[in-house]
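Peer 1: The sequence isn't on hand, but the structure is:
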């Protein structure tokens, strides 16, 4: 793609107004066009984002008004896009700024609406500044960042937030004047394991025995587990899973975010990127977990069940995900937000990154001071957590099986 002297930016209020092939050329380019540190991410693809909108899960009425940015060169070719939303609340984001909102509003400001560049309801790391691989990637990312600042000021909103960024884009946005924030999640890392037992061999003896006991206990009540993916996913799978999702969602959030049509839509358009781990007892589905498959990462997203079974959550969400990642040669499992209990099950703390643009100078200064302290705390917390991972500290235990 030749270099352009002129770049223009427009906003669209429906991702359906952008051709899927055009969006995905920037979001998830063909394997031959992938560059270093770029991987296929199902959540930034057109199919996933469109399913959110078409299903009624993401609309202005639900507090997520789409305002996606499209950047074109002087040949009218799309060279970059950003998934962007005008938010009227801070729900479903997993980077918590409720305290900022309260402080700003106590000082007489209006925090909402704000802009969010991310994937709704999805605390998974992925690029947000999506540059076409045929363009100068760094230059396009810089121009997208600057364009978002202009949109923030033109709309008169309080702030702009980009969440769950790769570190490279976090660094770039810091250079463009964005405030930088960190947090942490728990990820399982594949060290070239060929089997689950090979992974277990890296754990301390007591931790290894605990995991084996948990896996055995989870299936003790005659529960069968199946992996369902691709064309094998049927509507009855979605019916069962949605029942789990609703029951668990009401317990956790009060109001689940996703509608039933969302699941059918992703099943129709991206089934090869979906793994359902479904549990049966006496011929009936009783629990399940929904995962999405990237080129290097398995992303665990939702879990639900109709009754409580000991250790079944750990088996379905953590151990089955590890089994699948090993089987498919994936590099990692991201099992979602929060959960220090994941450490004992082989998931290790990893930093997550977000960037924030705040036009109000006084408010910006206050947030910046807070973030400086928070980043130090997150770094220290990760260091502390790493001291409690279940992995062997010495070679002496390698013979204890």
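Peer 2: Everything's here; your move. Quick caveat: nothing in here was measured; it's all calculated off a predicted structure.
Peer 1: For the rest of this, base every contact and every neighbour count on C-alpha atoms.
Peer 2: Will do.
Peer 1: I'd say residue 176 and residue 145 touch.
Peer 2: Yes: between residue 176 and residue 145 there is a contact under C-alpha atoms under 8 Å: 7.3 Å.
Peer 1: More neighbours: these two, which one.
Peer 2: Neighbour count, other C-alpha atoms under 10 Å: between residue 176 and residue 145, residue 145 has more, with 23 against 15.
Peer 1: Local confidence estimate at the more buried one?
Peer 2: Reported pLDDT at residue 145 in the predicted model: 99.
Peer 1: tell me the SS of it?
Peer 2: Using DSSP: H, G, I helix; E, B strand; the rest coil, the structure places residue 145 in helix.
Peer 1: Quick check: closest non-adjacent residue to it.
Peer 2: Computed as C-alpha to C-alpha, 6 or more residues apart in numbering, the closest residue to residue 145 that is not its neighbour in sequence is residue 173, at 6.9 Å.
Peer 1: Which of the residues in the host helix or strand of the one you found are classified as buried?
Peer 2: According to DSSP states H and E, residue 173 maps onto helix 167-175. Within helix 167-175, the residues that count as buried by 16 or more other C-alpha atoms under 10 Å are 167, 169, 170, 171, 172, 173, 174.
Peer 1: now swap in stretch 302-317 and tell me
Peer 2: Under the neighbour-count criterion of 16+ other C-alpha under 10 Å, stretch 302-317 has 302, 303, 304, 305, 309, 311, 312, 313, 314, 315, 316, 317 buried.
Peer 1: Okay, now the unreliable bits of this structure?
Peer 2: Where the chain drops to pLDDT under 70, the residues are 1-5, 31-37, 250-254, 394-401.
Peer 1: what kind of secondary structure is the most centrally placed residue in it in?
Peer 2: By C-alpha atoms, centre = their mean, the mean C-alpha position of the chain lies nearest to residue 124, the distance being 1.5 Å. Following three-state DSSP, we place residue 124 in the coil state.
Peer 1: In contact with it, which residues?
Peer 2: With contact set as C-alpha atoms under 8 Å, 6 or more residues apart in numbering, residue 124 has these partners: 164, 299, 334, 336.
Peer 1: for residue 374, same thing?
Peer 2: Per C-alpha under 8 Å, 6+ apart, neighbours of residue 374: 181, 182.
Peer 1: related to what we said a few turns ago, against residue 368, how distant is the residue nearest to residue 145?
Peer 2: 14 Å (C-alpha to C-alpha, to the nearest Å).
Peer 1: do residue 75 as well
Peer 2: Distance check for residue 75 against residue 368: by C-alpha to C-alpha, it reads 40 Å.
Peer 1: returning to that earlier point: how far does the helix holding residue 173 sit from its chain's centre?
Peer 2: Put simply, helix 167-175 sits 18 Å off its chain's centre (C-alpha atoms, centre = their mean, to the nearest Å).
Peer 1: Which strands or helices does it pack on?
Peer 2: Judged by 3 or more C-alpha pairs under 8 Å, 6 or more residues apart in numbering; DSSP states H and E, helix 167-175 is in contact with helix 137-155, strand 348-357.
Peer 1: Quick check: what element follows that helix along the chain?
Peer 2: strand 179-189.
Peer 1: And the contacts of the helix or strand just after that next one?
Peer 2: Where DSSP H and E defines the elements, the next helix or strand beyond strand 179-189 is helix 196-200. Helix 196-200 is contacted from outside by 193, 208, 322, 323, 326, using C-alpha under 8 Å, 6+ apart.
Peer 1: Return the distance of helix 196-200 from the chain's centre.
Peer 2: For helix 196-200, the distance to the chain centre is 26 Å (C-alpha atoms, centre = their mean).
Peer 1: before we move on, back to that, please type out the PyMOL selection for whichever of the contacts of helix 196-200 turn out to be buried.
Peer 2: To isolate the buried members of those in PyMOL, using 16+ other C-alpha under 10 Å:
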select buried, resi 193+208+322+323+326
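Peer 1: Among the contacts of helix 196-200, pick out the one closest to residue 51, please.
Peer 2: Nearest to residue 51 among the contacts of helix 196-200, counting by C-alpha to C-alpha, is residue 322 at 27.2 Å.
Peer 1: quick one: contacts for the closest one?
Peer 2: Applying C-alpha under 8 Å, 6+ apart to residue 322 gives the contacts 188, 196, 333.
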